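In: how would this look folded up:
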Amino acid sequence: MSTEVVKGQKADLTKGNPGLRNITVEIGWKAPSSMDIDASAFLLGDGGKVSGDDDLIFYNNPSTSYITYKDVPGTAAGGRKQFAVALDRIPAHIQRIAFTLTLYDGENRRQSFGQMSEADCRILDQASGMSVLRCNLGNQFSVETAVVVGELYRYGQEWKFNAIVAGFSGGLKALCGNYGIEVEDEPAPAPVPPPKPPERTAAPPERTPLQVPPRTEPSSRPNIVIPPPPGAAQRQEPEPPPGVNLNLKKIELKKKGDSINLKKSASGLGELLINLNWNQKQGGGLFSRGKGGVDLDLACLFELKNGAKGVVQALGNAFGSLQQPPYIMLDGDDRTGSVTSGENLRINGSKVSQIERILVFAFIYKGVTNWSEADGVVTLKQDGGPDIVVHLDEHNNRKGMCAIAMIRNVEGETFSIERLVQYFSGHREMDEAYGWGLRWVAGSK
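Out: The predicted structure is shown next:
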């Protein structure tokens, strides 16, 4: 019978399978064919570090006497990598084996594991071919280019599995640094020297002093050269994924329906800040800051897990609360346009399990509905993760309310954010479009 584990869970491997000696650790995924995804295994001692160059098992160092990397042919929709492990032949000083995924040149290619789907890790009994354990990696990632899938580790005389499912940026180099390996890129081929000029009968050149490079102390850390994955040089550089502009500091949702999960650290989501800002025109104009400008408000509809629904907005002085339901608060109301930082909604990320969904919207309380002049932008800022940006670059100047983004609960642990940028004549019409079911009456500030 196969054991199912999720992120953060540990499970016995050999205790319930006393005859288990030889296993295959298989990692599979679905992703765009342009992504070069590889798997690696780090052989770790007591301190969680490698002891030598041979303790990294990957495409350029595929085997030892007890573990072998297998590059299983993939398909256009995905890939698989395998490691054959002889548990009873692992040396006593190896306490853990960490299995990882890395994305080749992800930052430069503007790719990330947020584009990967349906990834899982299975442990198979080589003797029977049956699955002993399975870990679904889920949709846990956004801009990461490296993932620690899980670890085999000793527990007395037995072996267990820890489903870590943690991602971070930096690819294979970053993983190597985490486990105590210094990395050198594969040296570039030496340039072809230019042809020698014809010899001249001239006075000998002045002698130059010999340049002696300074001595450097040798590093005690293992040092390896990591070449590109096989065939990487022949692949064409991929186009960035449609609609989503990825980098390590900012993710821009560019088309309706684009969405991404927020980055969740070990301590949780932390506080989320949603900022609305717009063009500050000098010398007048419909959206100029100061006297005579338009009063553009940021607000949200919320639905909690217990079924409670409502609105957070300056209209009606419904500013919300960060520590009490709905765990969402509007910082204030910039009625004059003099606050250059715009308006802010704050969300208590530690209460993610109690929030079902949030509809972020903006509306023009006072002034002419000229969205095309506003040049508005909404930015969601998260602790330890990239900014999520939505530009209000689609316009309907006949309607004064814009549904900007939908934030949804993902498995009680994090939020996804989806671009909407849909315009409505008012609260009631927007409510009906997204099925909130609130009763609306006229209000004022």
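In: could you spell out the sheet neighbours of the strand or helix carrying A362, each with its direction?
Out: In this assignment (DSSP states H and E), A362 forms part of strand 355-366. Taking DSSP bridges as the criterion, strand 355-366 sits next to strand 295-304 (antiparallel), strand 401-410 (antiparallel) in its sheet.
In: need these in JSON lines (columns: mean pLDDT and distance to M35).
Out: For every residue, glycine as well, the C-beta is placed using N, CA and C. Below are the strands paired with strand 355-366 laid out as JSON lines (pLDDT from 0 to 100; distance: least, C-beta to C-beta, whole Å):
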{"stretch": "strand 295-304", "mean pLDDT": "90", "distance to M35": "35"}
{"stretch": "strand 401-410", "mean pLDDT": "93", "distance to M35": "22"}
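In: for R109, which of these is the nearest?
Out: Taking C-beta to C-beta as the criterion, strand 401-410 is the member of the strands paired with strand 355-366 that comes nearest to R109, at 25.9 Å.
In: which residues touch that closest one?
Out: When contacts are defined by C-beta atoms under 8 Å, 6 or more residues apart in numbering, strand 401-410 is touched by residues 139, 253, 261, 305, 347, 352-353, 355-364, 371, 376, 378, 380, 390, 392, 415-427, 429-430, 433-434.
In: show me how far it is from its chain's centre.
Out: Distance, stretch centre to chain centre, for strand 401-410: 20 Å (C-alpha atoms, centre = their mean, to the nearest Å).
In: follow-up on the earlier one: out of the strands paired with strand 355-366, flag the one nearest G106.
Out: Across the strands paired with strand 355-366, G106 has its closest neighbour in strand 401-410 (22.4 Å, C-beta to C-beta).
In: what are the bridge partners for G150, then?
Out: Beta-bridge partners of G150, as defined by DSSP bridges: F99, A163.
In: which residues does it contact?
Out: For G150, the contacting residues are A98, F99, C121, C135, F161, N162, A163, I164, V165, by C-beta under 8 Å, 6+ apart.
In: hang on, the earlier thing: in strands, which of the contacts of strand 401-410 appear?
Out: Here DSSP state E is the test, and the contacts of strand 401-410 give 253, 261, 347, 355-364, 378, 380, 390, 415-424 as lying in strands.
In: what are the ranges of the strands in the stretch 201-350 of the chain?
Out: All strands of the stretch 201-350 of the chain, identified by DSSP state E, counting those that start in this stretch, fall at 223-226, 244-246, 250-253, 259-261, 271-277, 295-304, 309-312, 320-321, 328-330, 343-348.
In: filter the contacts of G150 down to the buried ones.
Out: Buried residues within the contacts of G150, counting neighbours by 16 or more other C-beta atoms under 10 Å: A98, F99, C121, C135, F161, N162, A163, I164, V165.
In: okay, those residues in TSV with pLDDT next?
Out: Written out in TSV, the entries for the buried ones among the contacts of G150 read as follows (pLDDT from 0 to 100):
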residue	pLDDT
A98	95
F99	96
C121	95
C135	93
F161	95
N162	92
A163	91
I164	88
V165	87
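In: quick revisit: of the contacts of strand 401-410, select the buried ones using a PyMOL command.
Out: A single PyMOL command is used to select the members of the contacts of strand 401-410 judged buried by 16+ other C-beta under 10 Å:
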select buried, resi 139+253+261+347+352+355+357+358+359+360+361+362+363+364+371+376+378+380+390+392+415+416+417+419+420+421+422+423+424+427+430+434
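In: picking that back up, extract the C-alpha set from the strand holding A362 and format it as CSV.
Out: Taking C-alpha atoms only, strand 355-366 is exported to CSV below (Å, rounded to 0.1, in the frame of the first residue of the first chain):
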residue,chain,number,x,y,z
ILE,A,355,-10.5,34.2,4.4
GLU,A,356,-12.2,32.7,1.3
ARG,A,357,-11.8,35.4,-1.3
ILE,A,358,-11.2,39.2,-1.7
LEU,A,359,-12.3,41.3,-4.6
VAL,A,360,-10.1,44.4,-4.9
PHE,A,361,-11.7,47.3,-6.7
ALA,A,362,-11.4,51.1,-7.2
PHE,A,363,-14.1,53.6,-7.8
ILE,A,364,-14.3,57.3,-8.6
TYR,A,365,-16.3,58.9,-5.8
LYS,A,366,-16.1,62.4,-7.1
